[in-house]
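Asker: Everything below, folded, please.
(chains A, B and C)
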Amino acid sequence: MVEINKTRLLFFIIFMTLMIPGPAPPDGLSGNGAKVQALQQLKDDISTSRGVLFNSTYEQPTGNLTGLKLSYQDALEHRNISLYPFEDRQGPYEENQRYSILPNYVRKLAIDSLNSEEETIQALEFEDEILEHPKWNAISEVFGSDVNIRAESHGAFWKNITGSLIGDFQRVNHTFEHIPMPLPPYMKALLRSYNTNRTEGDDNWREPNDASSFERDVPNFHVDELKTGNVTELSGNLKVNIQNTGDSSVEGSNGSVRVRLQIKMTDIDEVNIHSLALSGVYHPDSGNLIATTRSAKYAGSYGIPHLNFDETHYNRSKAAMSDWINQTSVDEVDVTMIDTLLDASLGCEMIAFLHFNSTNLSADEMRMIDDELWNPLGRPHKSIPPIAISSGVLYSPDCGLLIKATGLVGEREEVQNKRIQRVVLLGIILLFAQIIFSIKQMSATNTPSTLSRISFWTIAMMNLIDGSLSMLYLLSSIVFQKLYLQLAVSSFLGFTLASVFEMRYMILIYTSQMNERDISWGVALRGTAIDDRNNERIDERENPNNNVGTEEPLLPLNQARPQAVQQTQQQPRIIQDEQTVSGQIYLRLFFFLIVFSFLVLNASLWPRKDRMVFEYVVLLVLNSFWVPQIYRNTLRGSRRSFGWDFVIGTSVLRVIPIAYLCLVKNNPFSHHQDQLLISLIVIWLGIQIFVLVLQELFGARFFLPDRLLPKSYDYHPVLTAGDLEHGFGVEHDDEGVHHEDGKCKVDCAICMNEVEIPIAKSSEHLTNIMNRRGYMVTPCRHIFHTNCLESWMKYKLQCPVCRNSLPPI
Amino acid sequence: MSRPSRIHAYISSAWRYTLLALQSGITFPILVLYKIVGVFLYLILNRFGTKLNKYHHDGYTTLKKTTPQDKARQFINKFDSDELTLLECGYSQALYKSKREMKWLLCYIQSEEHEDHLRFKQNVLLSPQFVDFVNSHDFLVWGGDISQSEAFQVANGFKVTKFPFLGLLTLTVNSTPTANGVTTSAPVLSLVSKVQGYQDVYKVITKFSKAYDKYNPTLITLRHDHEQIEQDRQVRRAQDEAFERSLNVDRERTRQHQLRQQRERDRELYLKWRTLSMKPEPDTSAKGTYARVAIRLPDGSRTSRRFNKDISVEEIYAFAEASSTGIISLEIPPDVEKPEGYEHEYSFRLIQVMPRMEVSCDDTRIEDSVVWPNGNLIMEEKE
Amino acid sequence: MTSVLPKGFTMMPVTRYLTGFVICAPLLVSLLGIKHLLVLSYDPFISSWHQYWRFAVFQTAFQNESEVVVAITLLHFALKHLERLYGSFRLASLLIWSSLYNVVLVSILSFLVYRVLGVNLFVSAGPYGIFFTLLYLYWQSTPSIYRFELVFSGVPGSPNPAKLVITDGIFVKILMVQLFVSDGVLNSGIPSAIGVAVGALIHSHILPGKSVDFPLVIPFLRRYAARKPQPTRPTVSDVQDESDDERDATAFRDDEQDTPIRPLGTQLLDTFRT
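Answerer: Numbers count the residues shown, from 1 in each chain, chains lettered A, B, ... in the order given. As a prediction, the model looks like this:
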């Protein structure tokens, strides 16, 4: 029977009870009276709008829709909106600014851009009027710059345009007439009830344009600089993300589908970011897209049919929009819709006209490509062309902005996903390689003496990087849902690497280096000569309570002995067993991981300059994982710790992703090309590795002058005849000692062969280094072959003869 | 002479392969076709044939349960080798036999479809070295094919992972040191060495020899112990037998003694009765109806008596006997009866003096015998 | 005397690699996103688009992991016997031959059915044919160990109860049926039936497979395996043999507990314990 920890179980139960939410109240209402009323009103409003859409025809003007009651001409004439409907606007719908919300010049620009490849929309004759517009010069500066050359023939248009495109925009440097769009009364009431509940100094909530000003007929509102959609810069980056949401087989639509757009306009430095959500209709026969935003003050979606410039497209749009409307019922509207609409009403409304270029493939080929992308079966199809928008017009009726979209290029979403998938697969292969390297390294250093050379912090830093990578992968698997499998696999691999292999290594290193915790830096560099060792033994006998108790007294104390003894007397060291240690390390690591992941995620939202600074600093710090190792080498005087394949292997493997991000153009994560960063990182890593190489070649402390450090124990001293007589591992009255001129033969206790030791006549006599290197002398004055003792020291740092502890090599 | 270049080697091997491919490309379909036709013919003929069989054959099929011995015999027939003698019994019987006779058991399991099967059989199993090895070390050999259920179970029991399989079993003891000295468990038959897969015959022999040398001493000790026990038992049995025998002899002797005594008594009784039942002496007046017989007894005395002519000669004998033993003059109680189960034999002969002729004791009438009308007989002891 | 095959894959490299392949191939195929290339049906793929490579490729990976589980169970409990029955090289050769025959027969069958009957056959992806060939061969060469009766009568001791006599091979047959219908009777049934037919043909030596090595591949493998140098020092396998013998020399034990049950954390930490 497994014993259940009752407290833990109780805790778990309480936790789950709190976390699992109870049944939500219907409509998301939580007892706010004003909201309930507003919701009902909103539902009525939506039903009315739907009715208008269903029943409208091309001849009728745009009906009783919020925000569309005033046409551009009405706005120019400053008509009072509360007098809607106006008598002279009852007639058949005309394609000019008397009936439409678009000014004539905008209409012309839109039609031109929609007709850029083929004349699908017949323009009406009002050229002169337009050219007389006072601001036409400003407009033509931006719009007249490129000449639309209509191609003789073109291939098929895209049937399905799900994807993202990136390009530039240019704004006409003039603010046009603003069409007043007041909030409906129930919204105003709700807002008042909000404002009474909010504190005064709340900056985030700004009151939208006060409606009362309209009724006073004084257009004197203050367009807030930071309003979403109020693009103030003259040019910048434009990113458009399109999702097909409708069914193209709707009767009467002839293939036109409803689409959703996300438009993001930023300036070059990414300081001001304007994000807008639009919905509209895409006509595959002509490659044209008409879309508009929607908010509490502007029910643009219902007015889309009239934004098409002729009757056929009107009918198709109406069919597509009607179909969409039929799929959801008004009763499903809940309170969050109110908040969404209210939030959207803070920004500028935008109407978009975009023309998607045709491809040079035939209609059948396009259909094959489309089917394959929707439902992959392995169909043979031509290579998928990129989506491009050659020209587009963005117009904001209530903020009076006119923006031109140029040169947008992008790929279909599926194609983009495939590219990201390939990158993730490359990441998986890299992770595999890292795992293999780690395993090899771990199996090469599985004895305590080799483990003690390895720096804990190096592995900890690598662990941190891998752990946070794994967390990031996991989070992105939620975001990029199409790539869930690959991201989950790489997250799992990264997790294995970090949590299992590297963590295991860390625990090993930690446990084998635990006894060094209390020893100071200066003390750790020397070994004991035998006299001091004797003293220590006497000391130990006198103080039997000393808990200096690991198996190998690795670095015995030297002149700092008295204070160390005191220390150990004061704090008897508890030998932690492996489980406690591992538990502690796991906790700390996970804590750091979470903090770090959040930091990184947050940083991706910062403006560009801050982001770049963050990137540089973090990457340089993270890539200095060899520095602790160099430090430790210096500390212990060891020449070599990690295997060279591991050093070079992991460094290269960790640089590769950064190199990919920085060097490859058009990488799927939209990281800019940054050769400076990558070269900095490569140089920095190169320096570290170079220092490691030097340490191996010249000894660990080659860069420190001798006088700064206490001397570490020299295993290859010059022996004089006088030393021999003092009993250097040589029994006196025995046969093994042959005193020949300059050489002495002793038996090496490990291999039982003879060791030839060159004897200096006196201490000034120099012998060459080669002879010195053939033998090693321990502090307890036993002599061995170099190879023999070094191999032995790989296992245990104890003298084989007398078990005196040896200083590390 | 220079070696042919590598290119030459490649080209020649490529040429060979293409030739081979061409050959098999042409012959393969024909072969397949031939086989398919053969199968069809076989099926058709078989069906036809069974129809014929139905009219001829009124036989019945008995579900004969195959015993392990039958299966072993089938296997041996298929194995078909003269050098190696396989046991003709099931596996458990082979174990029992090996245990009882304290011999090594070599267990061979084969798989006929294995790629190394023929090679193994030729080069290892039936090779003279191996056969010598087996015979010289006096192994019992049991064989099985993996398609049989018993051999299959045996193979799984031994956790065989590769065929052909040779396993050497013998009796082993577990000796564990305890507080009271080393205790040895009962000897149990266990697998001490196994060879799986094809190996060189010398390797196999070496391996088995190693195991043999390792475990044979215990087996020898066991055998020795066993023999010791057997000898003891035999000695005891001999002793018992000897004892039995002497006992029998004694018993016989007493019995004989008793018999003889009984016989004596019976003889006396018979004589008395016979004497009693002797016919009365006829009167001298009835001339011509009697014979006068004189008998000289072994102690020299002479008696004579007259006998009726119709009486058998046996009467004379009775008289002689009675006279010589002195019963004739005894008073015999009249209720003496003839003893049962007693056959009297006369221990003497009556011989006529002149001419010398024996008068045999039978049913001859006195009238017909030589003593008519007078006789002179001598009683001689029979030797 | 047991009817359970020895545990593990000692001396059975072909089965080991086959198991690894059957498990890893679907994973890889999903990971790389090429699962849709293994689908096979005559109508769009072959007749319109002429993607003949699909015939060669459709046997690579199972489409669902439940089929993988059943296949691995069969491999582990039944088809290991085939490797020791035939020998590793012969089994490898058999695998290649049977996959070839399956491909040929499936293509012929789907072609004929489409042209003559007008029915579009949809063949499930995965090595059904190979498995069923092996299963047929296993079925033919494995004896039954025991029989048991299922008696269907209410009252015990009633005369002439309805009886069902089943051998112990029923467990493998149940799994076979499971694999047969795993993707729908027709979809997975057709390659399975073809596999059984191929197995029958191979078993009765009409088609070469058991006696003839597959050209080029198997001789190459043989040469490669023979090229491994023989060690002169006693190797691990020799020592293992001896210790195996030592272990066998003690009394027979049916199921040995190798290691005691450890919690997961300890298992992870013990992985690299030296």
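
Asker: drop to CA atoms for contacts and neighbour counts, all remaining ones
Answerer: OK.

Asker: mind listing what A:R803 touches?
Answerer: Applying CA atoms under 8 Å, 6 or more residues apart in numbering or on different chains to A:R803 gives no contacts.

Asker: Repeat that for B:K309.
Answerer: So B:K309 contacts B:289-291, B:365-367, B:372 (CA under 8 Å, 6+ apart).

Asker: Would you double-check that A:A498 falls in a strand?
Answerer: No: the assignment for A:A498 is helix, going by DSSP: H, G, I helix; E, B strand; the rest coil, so no strand is present there.

Asker: close to chain C, is stretch A:376-384?
Answerer: Yes: contact of stretch A:376-384 with chain C (CA under 8 Å from any CA of the partner chain) involves A:376-380.

Asker: which of the contacts of B:K309 lies closest to A:Y84?
Answerer: Distances from A:Y84 to the contacts of B:K309, taken as CA to CA, are shortest for B:R365 (183.1 Å).

Asker: now the closest one, nearest residue through space, not along the chain?
Answerer: Nearest residue to B:R365, sequence neighbours excluded (CA to CA, 6 or more residues apart in numbering or on different chains): B:S312, at 4.4 Å.

Asker: Can you report how many residues neighbour the one you found?
Answerer: 19 (other CA atoms under 10 Å in any protein chain shown).

Asker: residue boundaries of the strands in the stretch 1-150 of chain C?
Answerer: Counting by DSSP state E, counting those that start in this stretch, one finds strands in the stretch 1-150 of chain C at the ranges C:40-41, C:122-123, C:147-152.

Asker: Distance check, the closest residue to chain C within the stretch 551-700 of chain A against A:Y510.
Answerer: Nearest residue of the stretch 551-700 of chain A to chain C: A:Q579, at 8.9 Å (CA to the nearest CA). From A:Q579 across to A:Y510, the span is 12 Å (CA to CA, to the nearest Å).

Asker: just A:G649 next, same as before
Answerer: 24 Å.

Asker: more neighbours, the two?
Answerer: Per other CA under 10 Å, whichever of A:G649 and A:Y510 has more neighbours is A:Y510, with 23 against 15.

Asker: which non-adjacent residue is nearest the more buried one?
Answerer: Nearest non-adjacent residue to A:Y510 (CA to CA, 6+ apart): A:F456, at 6.8 Å.

Asker: next one: A:S476
Answerer: A:L487 (7.3 Å).

Asker: Give me the secondary structure label for that neighbour.
Answerer: Look at A:L487: counting by three-state DSSP, its state is helix.

Asker: you'd agree it is up against A:M471?
Answerer: No: the pair A:L487 / A:M471 is not scored as a contact, 10.4 Å apart, by CA atoms under 8 Å.

Asker: Have a look at these two and say which one is more surrounded.
Answerer: Between A:L487 and A:M471, A:L487 has the larger neighbour count (other CA under 10 Å), namely 27 against 21.

Asker: Pull up the gap between the more buried one and chain B, please.
Answerer: When CA to the nearest CA, to the nearest Å is applied, the distance between A:L487 and chain B equals 41 Å.

Asker: now do A:N137
Answerer: Taken as CA to the nearest CA, the span from A:N137 to chain B is 80 Å.

Asker: So which residues of the stretch 701-809 of chain A form helices?
Answerer: Ranges of helices within the stretch 701-809 of chain A are A:721-725, A:769-773, A:786-795, based on DSSP state H, counting those that start in this stretch.

Asker: any weak-confidence spans in the stretch 201-350 of chain A?
Answerer: The stretch 201-350 of chain A contains residues with pLDDT under 70 at A:201-226.

Asker: residue in it nearest to chain B?
Answerer: Closest point on the stretch 201-350 of chain A to chain B, by CA to the nearest CA, is A:S249, at 53.9 Å.

Asker: was I right about that residue contacting A:A319?
Answerer: No: with contact defined as CA under 8 Å, A:S249 and A:A319 do not form a contacting pair (10.5 Å).

Asker: Just want to know which of these two has more residues nearby.
Answerer: Neighbour tally, A:S249 and A:A319, criterion other CA under 10 Å: the higher count belongs to A:A319, 23 against 12.

Asker: Contact partners for B:I205?
Answerer: With CA under 8 Å, 6+ apart, B:I205 has these contacts: B:130, B:133.

Asker: Please report how far it lies from chain C.
Answerer: 15 Å.

Asker: Quick one: mean pLDDT for the helix or strand containing that residue?
Answerer: Assigned by DSSP states H and E, B:I205 falls within helix B:201-276. Mean pLDDT, computed over helix B:201-276, is 90.

Asker: who does the next helix or strand after it pair up with?
Answerer: As assigned by DSSP H and E, the chain's next helix or strand after helix B:201-276 is strand B:290-296. Strand pairing for strand B:290-296, determined by DSSP bridges: strand B:302-308 (antiparallel), strand B:374-381 (parallel).

Asker: which residues touch strand B:290-296?
Answerer: Strand B:290-296 has contacts (CA under 8 Å, 6+ apart) with B:282, B:302-309, B:320, B:366-367, B:371-379.

Asker: now do 10 Å
Answerer: Outside of strand B:290-296, the residues within contact range by CA atoms under 10 Å, 6 or more residues apart in numbering or on different chains are B:281-284, B:301-311, B:316-317, B:319-320, B:323-324, B:350-352, B:366-367, B:371-380.

Asker: Return the members of these classed as buried.
Answerer: Buried by 16 or more other CA atoms under 10 Å in any protein chain shown: B:282, B:304-309, B:311, B:316-317, B:319-320, B:323-324, B:350-352, B:366-367, B:371-373, B:375-379, out of the contacts of strand B:290-296.

Asker: thinking again about what came up before, can I get the contacts of B:K309 in a markdown table with distance to A:I428 and pLDDT?
Answerer: As requested, the contacts of B:K309 are exported to a markdown table (distance: CA to CA, whole Å; pLDDT from 0 to 100):
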| residue | distance to A:I428 | pLDDT |
| --- | --- | --- |
| B:T289 | 149 | 79 |
| B:Y290 | 148 | 79 |
| B:A291 | 147 | 80 |
| B:R365 | 138 | 81 |
| B:I366 | 141 | 77 |
| B:E367 | 143 | 77 |
| B:W372 | 146 | 77 |
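
Asker: So the residue of chain B found nearest chain C, which state does it fall into?
Answerer: For chain B, the residue closest to chain C is B:H114, as judged by CA to the nearest CA, at 4.2 Å. Per three-state DSSP, the local secondary structure of B:H114 is coil.

Asker: Next, count neighbours for it.
Answerer: Residues near B:H114, counting by other CA under 10 Å, number 26.

Asker: Give me the nearest residue to it, chain neighbours excluded.
Answerer: Leaving out its chain neighbours, the residue that sits closest to B:H114 by CA to CA, 6+ apart is C:Y86, at 4.2 Å.

Asker: Looking at the one you found now. What's its pLDDT?
Answerer: In this prediction C:Y86 is given a pLDDT of 90.

Asker: I figured A:A433 hits A:S651, correct?
Answerer: No: counting by CA atoms under 10 Å, A:A433 stays clear of A:S651, with 11.8 Å between them.

Asker: Give me the more crowded residue out of the two.
Answerer: Counted by other CA under 10 Å, A:A433 and A:S651 do not tie: A:S651 has more neighbours, with 19 against 15.
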